[in-house]
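Asks: model the following, please.
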Amino acid sequence: MNQVNLVGQIGDLKEIDYRNTLAIATLIELLIEKNVITRQEFARKSYYLDNMSLEQLKQLRTGC
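Replies: Presented below is the predicted three-dimensional model:
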């Protein structure tokens, strides 16, 4: 019974992850379409954030 429940929970997480990814991709595309940002700006910022350490990301988020 626990294994069936675990498989169901994993399926739910996959669905949530898909919906969140879709929402983020939609927002990015709308920002680009409305000329708020460019794809290059987005790519640069993504690269920058991806290369930050976890501690740097925490500081960025808290403003410290």
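Asks: helices or strands up against the worst-scoring helix or strand of the chain on mean pLDDT?
Replies: The helix or strand of the chain with the poorest confidence is helix 54-62; it has a mean of 83 (mean pLDDT, DSSP states H and E). Packing contacts for helix 54-62, counted by 3 or more CB pairs under 8 Å, 6 or more residues apart in numbering; DSSP states H and E, involve no helix or strand. Using the backbone N, CA and C atoms, a C-beta is placed for each residue, glycine as well.
Asks: could you measure R61 against Q3, distance?
Replies: 37 Å (CB to CB, to the nearest Å).
Asks: likewise S46?
Replies: From S46 to Q3 the distance is 37 Å (CB to CB).
Asks: compare the two and say which is more crowded by neighbours.
Replies: The residue with more neighbours, out of S46 and Q3, is S46; 11 against 7, by other CB atoms under 10 Å.
Asks: next one, pLDDT for that one please.
Replies: Each residue has a pLDDT score; the one for S46 is 93.
Asks: tell me the spacing between it and Q40.
Replies: 11 Å.
Asks: run a quick neighbour tally on E33.
Replies: Neighbours of E33 using other CB under 10 Å come to 8.
Asks: got the contact list for it?
Replies: Listed by CB atoms under 8 Å, 6 or more residues apart in numbering, the contact set of E33 is empty.
Asks: which residues in the protein form helices?
Replies: Taking DSSP state H, the helices of the chain run over residues 2-33, 39-50, 54-62.
Asks: relative to helix 39-50, how tilted is the first one?
Replies: Interaxial angle of helix 2-33 relative to helix 39-50 (axes from the mean of the first three to the mean of the last three CA atoms, to 10 degrees): 140 degrees.
Asks: now do the domain split for the chain, please.
Replies: 1-33, 38-64 (automatic domain parsing).
Asks: so, low pLDDT: which residues of this structure?
Replies: Scanning the chain for pLDDT under 70 picks out 1, 64.
Asks: circling back: give me the residues contacting the least confident helix or strand of the chain.
Replies: L49, M52.
Asks: lovely, talk soon.
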